[in-house]
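> Below are the sequence and a predicted model; questions follow.
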Amino acid sequence: MSLFQEQVKFLKKKLKFAARENSSHTTLINIKGYNISSEKHSDNFTVMAGPCAIESQEQILTIAKYLSSKNVPILRGGAFKPRTSPYSFQGLGIKGLEYMQEAASTYGMLSVSEVMDSMDVEVVSNYVDILQIGARNMQNYSLLKTVGKTNKPILLKRHFAATYEEFLLAAEYILSHGNPNVILCERGIRTFESLTRNTLDLAAVPILQQVTHLPIITDPSHGTGIKEIIPAMTVASKAIGANGVIIEVHSDPENSLSDKEQALSFQEFDYIIKSIL
């Protein structure tokens, strides 16, 4: 047995629910008839896309209309935005969720948005199909316990300084409280490199697939922060067996109120869709 295999075996012993051996089959998450599976095959590649922040009713409707025309199944958008600076745009809150729900319903899409506080889980659940736990809240254990008691699928993002073990143990908090529908998201880690926003740890996908039965997607947008390399990282994510990606797309990237450096235009996103079909 190699050192890596021994480490994987040791990590699995720490997991009561997330370890691959603890599931008799690959995880299949059904959301209103749409399936996200942990099985690796070309037909199982989910694309979640949309703006970093919901800015207006017109904006999210325009983006949803475009994405639905490209057969993107899941609309993403932030209504409650945890920003590094307290002076940055913090999102529209409940009004943003209302706009997103309308857009997703109008164009037959599912939706995903971040929930930041345990007190907001119930209300956010009323508007979206998937609850996102952002990187900054990966170890907010009270929040993880609360979403673990819901029946909503959870998109759990890896913290930018978290080990694989810490990431999986965060998932265990959700699973151990009764919610089996967890999607892991590798969204980039912080390294010594300053040219990129983060370093997208693509090795996390095949390594975690050795350990867990949960679906794993990547976030090339936050993982790089550079729109020019998002297409390559998306193609690479599919090539290594990821179950999908979550990408920032904006109708007017230059005037985006959040993350404009990594927001793709419709034309730029067109290239990605053609590349991964």
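Thanks, I have the structure now.
> what's the burial count for the closest residue to residue 233 other than its chain neighbours?
Nearest non-adjacent residue to residue 233, counting by Cβ to Cβ, 6 or more residues apart in numbering: residue 220, 3.9 Å away. Where you see a C-beta, it was placed from the backbone N, CA and C, and this is true even at glycine. Residues lying near residue 220 (other Cβ atoms under 10 Å) number 30.
> Looks like residue 220 contacts residue 245 (just checking).
Yes. Contact criterion Cβ atoms under 8 Å: residue 220 and residue 245 qualify, at 6.0 Å.
> okay, and the common contacts of those two?
Common contact partners of residue 220 and residue 245 (Cβ atoms under 8 Å, 6 or more residues apart in numbering): 234, 237.
> any idea how far the closest residue to residue 208 other than its chain neighbours is from residue 148?
Leaving aside its sequence neighbours, residue 208 sits nearest to residue 216 (Cβ to Cβ, 6+ apart; 5.5 Å). According to Cβ to Cβ, to the nearest Å, residue 216 and residue 148 sit 19 Å apart.
> Pick out whichever of the two has more residues nearby.
It is residue 216, of residue 216 and residue 148, that has more neighbours when counted by other Cβ under 10 Å, with 24 against 19.
> got the phi/psi numbers for the residue nearest to residue 233?
Main-chain torsions, residue 220, degrees, to the nearest 10: phi -60, psi -20.
> low-confidence ranges in this protein?
22-25, 41-42, 83-84, 88-90 (pLDDT under 70).
> quick one: the strands in it?
28-31, 34-37, 46-50, 74-76, 110-114, 130-133, 154-157, 182-186, 216-218, 244-248 (DSSP state E).
> tell me the angle the fifth one makes with strand 46-50.
Using axes from the mean of the first three to the mean of the last three Cα atoms, to 10 degrees, the interaxial angle of strand 110-114 with respect to strand 46-50 works out to 60 degrees.
> circling back: with distance to residue 140 added, can I get the strands of the chain in JSON lines?
Output for the strands of the chain, formatted as JSON lines (distance: least, Cβ to Cβ, whole Å):
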{"stretch": "strand 28-31", "distance to residue 140": "22"}
{"stretch": "strand 34-37", "distance to residue 140": "23"}
{"stretch": "strand 46-50", "distance to residue 140": "22"}
{"stretch": "strand 74-76", "distance to residue 140": "20"}
{"stretch": "strand 110-114", "distance to residue 140": "12"}
{"stretch": "strand 130-133", "distance to residue 140": "8"}
{"stretch": "strand 154-157", "distance to residue 140": "11"}
{"stretch": "strand 182-186", "distance to residue 140": "15"}
{"stretch": "strand 216-218", "distance to residue 140": "21"}
{"stretch": "strand 244-248", "distance to residue 140": "20"}
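> Go ahead and confirm residue 246 touches residue 183.
No. Shown here, residue 246 and residue 183 do not form a contact pair, counting by Cβ under 8 Å, at 9.5 Å.
> any residues in contact with both of those two?
Here residue 246 and residue 183 have 155, 217 as joint contacts, going by Cβ under 8 Å, 6+ apart.
> wait, which of the strands of the chain is closest to residue 144?
strand 130-133 (6.9 Å; Cβ to Cβ).
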